[in-house]
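Student: Sharing a model prediction with you, sequence too.
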Amino acid sequence: MAFRSRREKLRSILSGSACVHPGSVYDAISIRIAEDLGFPLGMFGGSVASLAVLGDPDVTLITLTELAEQMRRMSRAASLPVLVDADHGYGNALNVRRTVQELETAGAAGLTIEDTLLPAAFGEAKTQLISLEEGVGKMKAALDARGDSSLVIMGRTGAASMSSIEDAIRRARAYEAVGVDALFFTGIRSRAELEAVVAATRLPIVLGGVPDELSAIDYLTSQRVRIALQGHAPIAAATQAVYDVQKALREGTLPKALKGLPSVELTNRIMREAQVKARSADLLGLKK
Ligand SMILES: O=C([O-])CC(=O)C(=O)O
Ligand SMILES: [Mg+2]
């Protein structure tokens, strides 16, 4: 299986003894940059998928086909292992099965299935949770759908901020009991909450956005946290860069006078130009 070694790398992060920060990736360029900079893992968030593919906010308008296709493009462009935010699995537990199959063939190293009710329910200003029973069914469906047993399946809950830390622990223990590979939490606000989760569970922990109190990597390492997200600043920075350049051009700046453009070397490295040239020489009879 071509993607097995990527999945094994993610597994070794989870079973290792250090907490890592993933690079935020969302397309072929961003994954190559993250790979070149030495990130051990890429995180493909649902929010950045929606933004990169649709230009939309994170309100579950993206389809599974679009998400999987974007993952496939990244898998082709780089060999960095990627953890995919598969949201609620794009439907009920039967849809979760399909989601896992699609993301597995698209080359994901791992994916998260969360227990939030998506898309947003009518008349509810706040995101709701599905029942624990439905959440367990989704985790079982995800685990059963794997064709490659090295694909990492994470059970994700946002209950810490949506209901209570006790509810988050109850859900995490139930997901742990059906065999997920790791537990992904969002909304944990304090060291006391994290430590309660750590005491009540045994699997490696992944944290979504964390408050300052929880940002020290040594502390996270000591609490069995193996992956800690740091948001999605790269796509935000890219948005600003495109805005600035388009604005300057629109206002009459000459292309040569633009600021903030990458060097030719950087662009060529990202395009893997040297390899393409070598292949062209070999296969098309062109000079190197
Ligand atoms: O998984 C993440 O990176 C956080 C998240 O839910 C998103 O960005 O959609
Ligand atoms: Mg998300």
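Tutor: Noted; the coordinates are in hand. Ligands and ions are numbered 1, 2, ... in the order given.

Student: Glu124: what secondary structure?
Tutor: Of the three states, Glu124 takes coil according to DSSP: H, G, I helix; E, B strand; the rest coil.

Student: Dihedrals phi and psi, it?
Tutor: Main-chain torsions, Glu124, degrees, to the nearest 10: phi -110, psi 120.

Student: Enumerate every residue touching it.
Tutor: Taking C-beta atoms under 8 Å, 6 or more residues apart in numbering as the contact definition, Glu124 lies against nothing. For every residue, glycine as well, the C-beta is placed using N, CA and C.

Student: ok, the closest residue to ligand 2 within the chain - contacts?
Tutor: At 3.3 Å from ligand 2, Gly46 is the closest residue in the chain, using C-beta to the ion. Contact partners of Gly46, counting by C-beta under 8 Å, 6+ apart, are Asp58, Thr60, Ile62, Leu67, Asp85, Ala86, Asp87.

Student: again with Gly89
Tutor: By C-beta under 8 Å, 6+ apart, the neighbours of Gly89 are Asn95, Val96, Thr99, Val100, Ile113, Lys138, Ala141, Ala142.

Student: So it, which state does it fall into?
Tutor: Assigned by three-state DSSP, the conformation of Gly89 is coil.

Student: so which strand or helix has the residue lying closest to it once chain neighbours are set aside?
Tutor: Spatial nearest neighbour of Gly89, chain neighbours left out: Val96 (3.3 Å); criterion: C-beta to C-beta, 6 or more residues apart in numbering. Following DSSP states H and E, one finds Val96 within helix 93-105.

Student: what packs against that helix?
Tutor: The contact analysis (3 or more C-beta pairs under 8 Å, 6 or more residues apart in numbering; DSSP states H and E) places helix 93-105 against helix 64-77, strand 110-114, helix 132-145.

Student: now with 6 Å?
Tutor: Where contact means 3 or more C-beta pairs under 6 Å, 6 or more residues apart in numbering; DSSP states H and E, helix 93-105 is packed against helix 64-77, helix 132-145.

Student: Need the ones you listed in a markdown table (columns: mean neighbour count).
Tutor: What follows is those, written out as a markdown table (neighbours: other C-beta atoms under 10 Å):
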| stretch | mean neighbour count |
| --- | --- |
| helix 64-77 | 19 |
| helix 132-145 | 20 |
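
Student: Could you dump these into CSV and include mean pLDDT and distance to Val197?
Tutor: CSV is the format used below for the helices and strands packed on helix 93-105 (pLDDT from 0 to 100; distance: least, C-beta to C-beta, whole Å):
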stretch, mean pLDDT, distance to Val197
helix 64-77, 98, 28
helix 132-145, 98, 16
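
Student: Now distance to ligand 1 too, for those helices, in CSV please.
Tutor: Shown next, in CSV, are these (distance: least, C-beta to the nearest ligand atom, whole Å):
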stretch, distance to ligand 1
helix 64-77, 11
helix 132-145, 16
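
Student: Now Ile33. Nearest residue, chain neighbours left out?
Tutor: In space, Ile33 is closest to Ile270, 6.5 Å off (C-beta to C-beta, 6+ apart).

Student: Gln230 too?
Tutor: Going by C-beta to C-beta, 6+ apart, Gln230 has His21 as its nearest residue, at 5.1 Å.

Student: Fine, thanks again, bye for now.
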